[in-house]
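Colleague: Sequence plus the predicted model coming up.
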Amino acid sequence: MRSFEAFGGHSETKGLSTDGQVIQISPHHHSVSLRFLHFNMGLRYQLNPKLALSLAIPYTIKEQTARVEWPDHHPTRSEREASQRNGNIHHRNETYTGLNDLSLLVTYKLASLLRTNDRLTLSAGLSLPTGKTEPDPWKLGDAGQKHLHLQFGNGTVIPMLECRYWLPITKSIVLQTTLVTRRPVYENRHKFLASADTSFFLSAVFQPIELLRVRSSWMVSRQGFGYWDGRKDSNTGLRMNALVLGTNIGQQTQLSTSLIVPIHQRMLASGDTFEHGMLLSSALSRLF
């Protein structure tokens, strides 16, 4: 997945003295942008015509840039320097790389439920804690210590559920609905409870030839709140509606690409939640 750019930030009234103490200064703003590349490798093993196992292996590169802005105040030199020192413990111009949480799913397929050749697949599984996690950034920030808000994993085993229904309209056109959800149930070792996420897709798929499928989807997605030791994380919480255009090429080995165009986004809290730009997603999967 390639992010053309996502934007976030927050108001701030704190600075950092030369000896590392948190001090109060005039109001200013931390402006943060994020670009990322996300690679997904998938492996799928067909146990029988109805039952399959799948493993997703994601890897992400995150490029963050940040700056301090003064929209309503002309800072003194000491205020500007204090704001820069404080800004550098919160957000830095850095690139981060790492493996994300793996996901393992068991999929069961049912056919000809409502009409001939329709199909329903039910998938259940787990997100596995393989991505790097970070300690509570709010506590570290209040203490004037360097920290990172970006995480590559959630640090817990998370139940996942996927439901997909295919309804053929003609020989080459199919309507598809998809529901994907995950629900964390306990905190990780840093006392963080990840957000619950749910996405729904309504899609039209056109298959002009056997090796190519072209699809157009409307996506409705909601990310809930995460919690640090029971306290709401204001960097989480987002609702988004988006248009998704994509292709699938191949059969046994399949290359999938999608362009996600956000149409409407609403942050549920006034933190560093990023408002997404267009996203280009790609994945390579292999069926055994």
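Modeller: Noted; the coordinates are in hand. Please read these numbers as outputs of a predicted model, since none were measured by experiment. Numbers count the residues shown, from 1 in each chain.
Colleague: Can you show me the helices along the stretch 51-200 of the chain?
Modeller: Read by DSSP state H, counting those that start in this stretch, the stretch 51-200 of the chain holds these helices, from start to end of the chain: 77-90, 137-142.
Colleague: for these, which one sits closest to Thr170?
Modeller: Each of the helices of the stretch 51-200 of the chain has some distance to Thr170 by CB to CB; the shortest is helix 137-142, at 52.2 Å. C-beta coordinates here come from the backbone N, C-alpha and C atoms, glycine included.
Colleague: Mind listing what's buried along that closest one?
Modeller: For helix 137-142, a neighbour-count test (16 or more other CB atoms under 10 Å) marks 137-138, 140-141 as buried.
Colleague: How about Met160: what's its closest non-neighbour residue?
Modeller: Take Met160 and drop its neighbours on the chain: the residue closest to it by CB to CB, 6 or more residues apart in numbering is Arg182, 4.6 Å away.
Colleague: show me the contacts for that neighbour.
Modeller: For Arg182, the set of contacting residues under the criterion of CB atoms under 8 Å, 6 or more residues apart in numbering consists of 127, 158-161, 196-197.
Colleague: buried subset of these?
Modeller: With neighbours counted using 16+ other CB under 10 Å, these contain these buried positions: 127, 158, 160, 196-197.
Colleague: Reformat those as TSV; add distance to Ala242 and pLDDT.
Modeller: Supplementary listing: those in TSV, determined by distance: CB to CB, whole Å; pLDDT from 0 to 100:
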residue	distance to Ala242	pLDDT
Ser127	22	97
Ile158	23	98
Met160	21	98
Ala196	19	96
Asp197	14	96
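Colleague: What spatial separation is found between the closest residue to Leu279 other than its chain neighbours and Arg215?
Modeller: Using CB to CB, 6+ apart and skipping the chain neighbours, the partner closest in space to Leu279 is Ile260 (4.1 Å). To Arg215, Ile260 is 12 Å away according to CB to CB, to the nearest Å.
Colleague: For Leu122, the count of nearby residues, please.
Modeller: Applying other CB atoms under 10 Å, we find 14 residues neighbouring Leu122.
Colleague: residues touching it, list them.
Modeller: With contact taken as CB under 8 Å, 6+ apart, Leu122 is in contact with 107-108, 110, 162-163.
Colleague: Looking at the residues you listed, point me to the pair that's furthest apart.
Modeller: That would be Leu110 and Glu162, which, of these, are the farthest apart (CB to CB) at 14.0 Å.
Colleague: Compare the two and say which one has the larger neighbour count.
Modeller: The residue with more neighbours, out of Leu110 and Glu162, is Glu162; 19 against 12, by other CB under 10 Å.
Colleague: Would you agree that one is in contact with Ser199?
Modeller: No - here Glu162 lies out of contact with Ser199, judged by CB atoms under 8 Å, at a distance of 9.7 Å.
Colleague: For the two, list the residues in contact with both.
Modeller: Contact criterion CB under 8 Å, 6+ apart; residues shared by Glu162 and Ser199: 178-181.
Colleague: What remains of those residues if I keep only buried residues?
Modeller: 178, 180.
Colleague: Now intersect the shared contacts of Glu162 and Ser199 with the strands, please.
Modeller: The subset of these located in strands under the criterion DSSP state E comprises 178-181.
Colleague: The residues you listed into a markdown table, with extra columns for pLDDT and distance to Phe288?
Modeller: Shown next, in a markdown table, are those (pLDDT from 0 to 100; distance: CB to CB, whole Å):
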| residue | pLDDT | distance to Phe288 |
| --- | --- | --- |
| Thr178 | 97 | 23 |
| Leu179 | 98 | 26 |
| Val180 | 97 | 23 |
| Thr181 | 98 | 27 |
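Colleague: can you tell me which residues contact the closest residue in space to Met219 that isn't next to it in sequence?
Modeller: In space, and not counting its chain neighbours, Met219 is closest to Ala242: 4.6 Å by CB to CB, 6+ apart. For Ala242, the contacting residues are 218-219, 221, 260-263, taking CB under 8 Å, 6+ apart as the criterion.
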